[in-house]
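# test case, fold it:
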Amino acid sequence: MGKLTKWILGVIGGLIVLALIATAIFWKDIQEIRGVLRYAQTFEEEHINDNFRSLYKQYPSKIMQHAESVFNMPVKHRELPESYTWEEKAYQRTVRKSCGHGWALNLTPSG
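Numbering: from 1, shown residues only. A predicted model of the protein is given here:
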């Protein structure tokens, strides 16, 4: 075996050892990245229906019992503005009766 071949094998062997050491050092980070990628794949369009049905199997959850007393949050109603601008378009608020089932809020471009 020639010097060049031994040198190349030594470099390859050193790189393999270096890769193993780096893997051992960064093992926790590698597992966290794999977990994030696996979680992101949960919401891919072709698998999302099946994944939502079995989400509790993949990611453990804990049922929390409700407290004895219930806290009622104070409600502060505010009027909606008559008009507003979004993406450089002005919108006007109009409220109308909706098919006898209540009121509907329409936001129509003004001008």
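# run a quick neighbour tally on Ser83.
By other Cβ atoms under 10 Å, the residues close to Ser83 number 12. For every residue, glycine as well, the C-beta is placed using N, CA and C.
# what sits opposite it in the beta ladder?
Ser83 has these beta-bridge partners by DSSP bridges: Gln92.
# surely it meets Lys89?
No: using Cβ atoms under 8 Å, Ser83 is not in contact with Lys89, being 10.7 Å away.
# pull out the buried positions in the lengthiest helix in the chain.
Across the chain, the longest stretch assigned as helix under DSSP state H is helix 3-25. Within helix 3-25, no residue counts as buried by 16 or more other Cβ atoms under 10 Å.
# next SSE after that helix?
Moving toward the C-terminus from helix 3-25, the next helix or strand (DSSP states H and E) is helix 27-41.
# returning to what we had before: for the longest helix of the chain, what is the distance to the chain centroid?
Put simply, helix 3-25 sits 39 Å off its chain's centre (Cα atoms, centre = their mean, to the nearest Å).
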